[in-house]
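> Based on what follows, work out the 3D shape:
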Amino acid sequence: MSNKFIIVGDVHLGKYLSVGRPESGIRLNSRVADTVNLLDWILEIAFDGGVDNIIFTGDIFEDIRPDYKYVILFLEFLQFCQSNNINIHIIAGNHDMKRVGTEMCSALDIYQKGNFATVYKTFDTIILDGVGITMVPYRDREWLQCKDIDSALLLVKHQLEEQASMIPSDYYKIAIGHLAIEGSIFVGDESDSLTNQIMCPISFFKDYDFTWMGHVHKYQVISKIPFVSHVGSLNISDFGEAGAEKNIVVFDIDRYPIYNIIPIPIRQLRKISVSVPKEQNSTEFVLNEIKNMHDILSMRDVTVKIEVKLNDQKAESINRELIEKFLYNIGVHYISNISESKAISVVDLEKVESVDNSITPEKAIKIFAEHESFESEDDRERYLKFAAEIIEQQKVKK
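Now for the predicted structure:
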């Protein structure tokens, strides 16, 4: 095997289908089709650069029990790689593994057994020409069966030190995996449980020349010396990441610089918020605002979400059909959602002060969730779970 390889962030096939055009007949949800197209694009980069190793940081599928069609789609990608002598390495992420007794089972096992890919469910190191790569699968406190986070971190630290010692001293040492780095910024639901999540200090990777982790979906360099970074995910997760840039890493020891960050040609998501003043025609105002935004930054081939606020309680509701027609005429790829809200009356200050403010954090979060707009009920449930874990953590600290 050569020392050229590509690092690809979390794929998450099947994630947030609501932001893609629904499937119809044999046509895939456009969100899934976009992901498949990105995998094909990565292959083109590999062919053009003479790369024969592609390393995935994990979370190939969104669900631990993925839909069979997603399993087949990724298998077709692997078969094409195999026929073109491209080796695929998949580091198991938290969405890839489930504990069954003492075993870690994964839908990825079928690719390993069929010799279509090498799947890393334990720490392992491969040696290429002049390069040693440590594969770091996902771990958390519960999976490591530790009573506390510090004990879990110590186990991870020892594993990394042991693997680094196996690489010849004159070789480049690289760590690639699915762990969160201390100081990184999460963008969504990367963590299954904050009480189990471990955040690795930068010092854990002092023996490595370069570290690229998946798991956290935002591309970010945490440290330059030693170089420690999150490569991010393959695609934008939801509208909370609108405008984000996604990248792959191409590593080639025979070139300078020895690695390049290449932007991924993702389909952008755009959230459009329009506040309609009083005594304005709601639909006309919204259409004019969208036109002005489109003239400044084209919405062609973009997935959009429209949020309209009517500041006049007596205003007529927007004509959704006209707005949808206009958006598709200017080339919008898909309209994920159009929502409308009206301004409510302001409560007198005296009344606000008379309200009992002894509400518990749990109840406050529940009330907020009941009145806040979410993409789906699943998003609402994830928010409630995430908030409950934070509240519980604070109670433990006290």
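> Okay, now the unreliable bits of the stretch 101-250 of the chain?
For the stretch 101-250 of the chain, the stretches flagged by pLDDT under 70 are 101-102.
> Can you show me the helices along it?
In the stretch 101-250 of the chain, the helices defined using DSSP state H, counting those that start in this stretch lie at 109-113, 149-164.
> tell me the contacts of residue 104?
Residue 104 makes contacts with 92, 97-98, 121, as judged by C-beta atoms under 8 Å, 6 or more residues apart in numbering. Using the backbone N, CA and C atoms, a C-beta is placed for each residue, glycine as well.
> most packed of the helices of the stretch 101-250 of the chain?
Sort those by mean neighbour count, taking mean count of other C-beta atoms under 10 Å, and helix 149-164 sits at the top with a mean of 16.
> Show me how far that one is from its chain's centre.
Distance of helix 149-164 from the chain centroid (C-alpha atoms, centre = their mean, to the nearest Å) equals 25 Å.
> surely residue 220 meets residue 231?
No - between residue 220 and residue 231 there is no contact under C-beta atoms under 8 Å: 9.3 Å.
> Find the helix or strand that residue 325 is a member of.
helix 320-329 (DSSP states H and E).
> Give the other helices and strands that that helix contacts.
helix 282-296, strand 303-310, strand 334-342 (3 or more C-beta pairs under 8 Å, 6 or more residues apart in numbering; DSSP states H and E).
> Make CSV out of the ones you listed and add distance to residue 253.
Below are those laid out as CSV (distance: least, C-beta to C-beta, whole Å):
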stretch, distance to residue 253
helix 282-296, 44
strand 303-310, 39
strand 334-342, 42
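> circling back: quick one: least confident of the contacts of residue 104?
pLDDT across those is lowest for residue 98, at 83.
> Could you report the neighbour count for residue 298?
Here the count is done by other C-beta atoms under 10 Å, and residue 298 has 12 residues near it.
> and the angle for the helix holding residue 325 with helix 282-296?
Counting by axes from the mean of the first three to the mean of the last three C-alpha atoms, to 10 degrees, helix 320-329 points 10 degrees away from the direction of helix 282-296.
> ok, and what's touching helix 320-329?
283, 286-287, 290-291, 299, 304, 306, 335, 338.
> just to revisit the earlier point, of the contacts of residue 104, buried ones?
Burial by neighbour count, judged by 16 or more other C-beta atoms under 10 Å, picks out 92, 97, 121 from the contacts of residue 104.
> re earlier: which among the contacts of helix 320-329 count as buried?
283, 286-287, 290, 299, 304, 306, 335, 338.
> Does residue 128 touch residue 5 like I think?
Yes - using C-beta under 8 Å, residue 128 is in contact with residue 5, at 7.5 Å.
> so what's in contact with these two at the same time?
Common neighbours of residue 128 and residue 5, using C-beta under 8 Å, 6+ apart, are residue 53.
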